[in-house]
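*Asks:* Kindly generate the corresponding structure for this input.
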Amino acid sequence: MPAYWIARVKVSDPEAYGEYAKRVPAAVEKFGGRFLARGGRVECLEGEAFPRNVVVEFPDVESAVACYNSPEYREAKSFAEGAAERDIIVLEGG
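*Replies:* Numbers count the residues shown, from 1 in each chain. A predicted model of the protein is given here:
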């Protein structure tokens, strides 16, 4: 069953976060993931909107979690730390 990373992001350092964004695709692809939405227009219907939202589809929850915990993603994530406020979850599809 597919699973999805859902990330809500407020970028405070665009240059550092840009380095993160350049490195993430290789980690995602290694674990069978593909970006479905990366930025784009947002319409907030309830709650607080984040300016940047990302949805990544993976083959399953295990692949999504393995990607997040991988050395490749940890290296990319080091550029986002301190450069953005982020909420990231994994949601199993159905």
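
*Asks:* Let's see the longest helix along the chain as PDB, backbone CA atoms only.
*Replies:* For the chain, the helix with the greatest residue count under DSSP state H is helix 14-30. Extracted as PDB, the C-alpha positions of helix 14-30 are listed here (Å, rounded to 0.1, in the frame of the first residue of the first chain):
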ATOM      1  CA  PRO A  14      16.300  30.300   1.500                       C
ATOM      2  CA  GLU A  15      19.900  29.700   0.500                       C
ATOM      3  CA  ALA A  16      20.500  26.900   3.000                       C
ATOM      4  CA  TYR A  17      17.100  25.400   2.400                       C
ATOM      5  CA  GLY A  18      17.900  25.500  -1.400                       C
ATOM      6  CA  GLU A  19      20.800  23.200  -0.700                       C
ATOM      7  CA  TYR A  20      18.500  20.800   1.100                       C
ATOM      8  CA  ALA A  21      16.100  20.900  -1.800                       C
ATOM      9  CA  LYS A  22      18.800  20.000  -4.300                       C
ATOM     10  CA  ARG A  23      19.900  17.000  -2.300                       C
ATOM     11  CA  VAL A  24      16.600  15.400  -1.400                       C
ATOM     12  CA  PRO A  25      15.500  14.000  -4.800                       C
ATOM     13  CA  ALA A  26      18.400  11.500  -4.900                       C
ATOM     14  CA  ALA A  27      17.500  10.100  -1.400                       C
ATOM     15  CA  VAL A  28      13.800  10.000  -2.400                       C
ATOM     16  CA  GLU A  29      14.400   8.200  -5.700                       C
ATOM     17  CA  LYS A  30      16.700   5.600  -4.000                       C
END
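
*Asks:* can you give me the mean pLDDT across that helix?
*Replies:* Averaged over helix 14-30, pLDDT sits at 96.

*Asks:* which other helices and strands contact that helix?
*Replies:* Under the contact criterion of 3 or more C-beta pairs under 8 Å, 6 or more residues apart in numbering; DSSP states H and E, helix 14-30 touches strand 34-38, helix 61-69, helix 71-80. Where you see a C-beta, it was placed from the backbone N, CA and C, and this is true even at glycine.

*Asks:* For the helix or strand that the first one is followed by, which outside residues touch it?
*Replies:* Past strand 34-38, further along toward the C-terminus, the next helix or strand under DSSP states H and E is strand 52-58. Contact with strand 52-58 is made by 2-11, 28, 31-40, 42, 64, 67, 93, as judged by C-beta atoms under 8 Å, 6 or more residues apart in numbering.
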